[in-house]
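**Q** starting from these lines, generate the structure:
(one chain, ligands or ions: 1)
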Amino acid sequence: MRHFRFITAAFTAAALTLPLVATSASADPSRGHQSSPHAHARYDRLRQAAPDGFVVGTAVAGGGHHLEQDYPDPFTSDKEYRKVLGQQFSSVSPENQMKWEYIHPEQNRYNFAMADDIVDFAERHHQVVRGHTLLWHSQNPTWLEEGDFSDTELRTILRKHIKTVVGRYAGRIQQWDVANEIFDEAGNLRTEENIWIRELGPGIIADAFRWAHEADPKAKLFFNDYGVEDVNAKTDAYYELIKGLRKQRVPVHGFSSQAHLSTRYGFPGGLEDSLRRFDELGLETAITELDVRMDLPESGEPTGAQLRQQADYYQQALSACLAVDGCDSFTIWGFTDKYSWVPVFFEGEGSATVMTGEFVRKPAFFALRSALQEARKH
Ligand code: G3I
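**A** Below is the predicted model of the structure:
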């Protein structure tokens, strides 16, 4: 637990006026007036700037490529990418590589290669890992979604999967997104889309947490979703569900907000209140997939004003987490536009991460770093 958490406006304003600057230390404007180029070296990187006990993470791209992006797996083949990944972050989340589709492609075959690589990389770089994800309605393999299984068989399939995957990385994963996106916008369980809830009923959710806990008693087990950056129908539904589960002593330890934001909409001002509500229920909280997309001008290049607005959103999301005692894990969904999911899923939108495709830091990077440095002082 940390005892600081006051972010002042002054440093933020400074950070938001910074231009785009190349990643080399000598080009970093926050160091331009230092007498020694090493004066602030310890706090230059996001992971070092963070207060003790607070991890700063990123999704790890890899395991295939997006439509129209003809890249080989960046995690294994992009040296610059790996360098920044190791230097800047203290937590990593496989963006796709632990999802059913990737890790369990055939009923009797697991593919652990990519997930193993990420967990090994994390250990070598003294990073923690967020496991993502075990029970979801999306990115399930065809053999599962289209298979003809009895309820008993399906239950066995899920139990074995959780025991196998969680068990394989036992002791090496800090937080698991056990259940991902189980409610819709109106706060109704996804009883049609989610194969597990549809076929086995809502009781399967508690079982998934129990099995994960048996397989790795040390991992913190989370509910994770988007559209939960406010006190709203969805967060009300989670609140009630989790309260009930904890009464029954189901091992639920955390609630996390993905935070896929867009400058089309205002910043979700209820984020801190929402996180605090779960904190007060005795849960850990986290921001797990932050990015801030925007409508790109015809040139494809964001304007200075757009980048400043984006930096402001990043900083506000971080500040909300820093302000809540049990929010000790803050993850962005990729750090370079080079591999971001956004342009593939949202036509005309992009520039959602904190670095350009050439790894040039944007104002959002500096806003995060300043906010972390400031929090460290308190
Ligand atoms: O691996 C294949 C590759 O072989 C193929 O050539 C290529 C083109 O068709 O597709 C590749 O798979 C893509 C995969 O990303 C890997 O890049 C899938 O089509 C694509 O659908 C998949 O998108 C992922 C998306 O989840 C799917 O729902 C994104 O990368 C990933 O960022 C995104 O992450 C989700 C979180 O898990 C949950 N929260 C929301 C978040 C954003 O949607």
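**Q** can you give me the neighbour number for residue 79?
**A** With neighbours defined by other CB atoms under 10 Å, the count for residue 79 comes to 8. C-beta here means a position set from N, CA and C on the backbone, and glycine is covered the same way.
**Q** so it versus residue 149, what's the distance?
**A** To residue 149, residue 79 is 44 Å away according to CB to CB, to the nearest Å.
**Q** show me what contacts the nearest residue to residue 138 once chain neighbours are set aside?
**A** In space, and not counting its chain neighbours, residue 138 is closest to residue 181: 7.4 Å by CB to CB, 6 or more residues apart in numbering. Taking CB atoms under 8 Å, 6 or more residues apart in numbering, we find residue 181 in contact with 136, 137, 138, 190, 224, 225, 226.
**Q** ok, residue 270 to the ligand distance?
**A** 20 Å (CB to the nearest ligand atom, to the nearest Å).
**Q** pretty sure residue 161 sits against residue 99.
**A** No: Residue 161 lies out of contact with residue 99 (CB atoms under 8 Å); the separation is 11.3 Å.
**Q** gap between residue 283 and the ligand?
**A** In terms of CB to the nearest ligand atom, residue 283 sits 19 Å off from the ligand.
**Q** what number of residues lie near that residue?
**A** Neighbours of residue 283 (other CB under 10 Å): 24.
**Q** okay, it: pLDDT?
**A** Note on residue 283: pLDDT of 98.
**Q** try residue 344
**A** On the pLDDT scale, residue 344 gets 88.
**Q** again, but for residue 42
**A** Residue 42 is given a pLDDT of 65.
**Q** got it, and the one 3 residues further on?
**A** According to the prediction, residue 45 has pLDDT 97.
**Q** quick one: contacts for it?
**A** Contacts of residue 45 by CB under 8 Å, 6+ apart are 87, 88.
**Q** in the stretch 51-200 of the chain, which spans are helices?
**A** For the stretch 51-200 of the chain, the helices defined by DSSP state H, counting those that start in this stretch cover 74-77, 79-88, 100-103, 113-124, 142-145, 151-168, 195-200.
**Q** actually, the stretch 201-350 of the chain.
**A** 203-215, 233-247, 271-280, 304-322, 342-345.
**Q** list the buried ones in the second one?
**A** In this case it means helix 233-247. For helix 233-247, burial by neighbour count (16 or more other CB atoms under 10 Å) applies to 234, 235, 237, 238, 239, 241, 242, 245.
**Q** which one of the helices of the stretch 201-350 of the chain lies nearest to residue 87?
**A** helix 304-322 (18.7 Å; CB to CB).
**Q** wait, what's in contact with residue 146?
**A** Contacts of residue 146 by CB under 8 Å, 6+ apart: none found.
**Q** below-threshold pLDDT in the chain: ranges please.
**A** For the chain, the stretches with pLDDT under 70 are 1-42, 63-72.
**Q** write out the residues of the stretch 151-300 of the chain neighbouring the ligand.
**A** Residues of the stretch 151-300 of the chain lying near the ligand by CB under 6 Å from any ligand atom: 226, 258, 289.
**Q** from the helices of the stretch 201-350 of the chain, which stretch is densest packed?
**A** Of all the helices of the stretch 201-350 of the chain, helix 304-322 has the most neighbours on average by mean count of other CB atoms under 10 Å, namely a mean of 22.
**Q** tilt between that one and helix 271-280?
**A** 20 degrees (axes from the mean of the first three to the mean of the last three CA atoms, to 10 degrees).
**Q** who does helix 304-322 touch, helix- and strand-wise?
**A** Contacts defined by 3 or more CB pairs under 8 Å, 6 or more residues apart in numbering; DSSP states H and E place helix 304-322 against helix 9-16, helix 271-280, strand 284-295, strand 327-332, helix 363-377.
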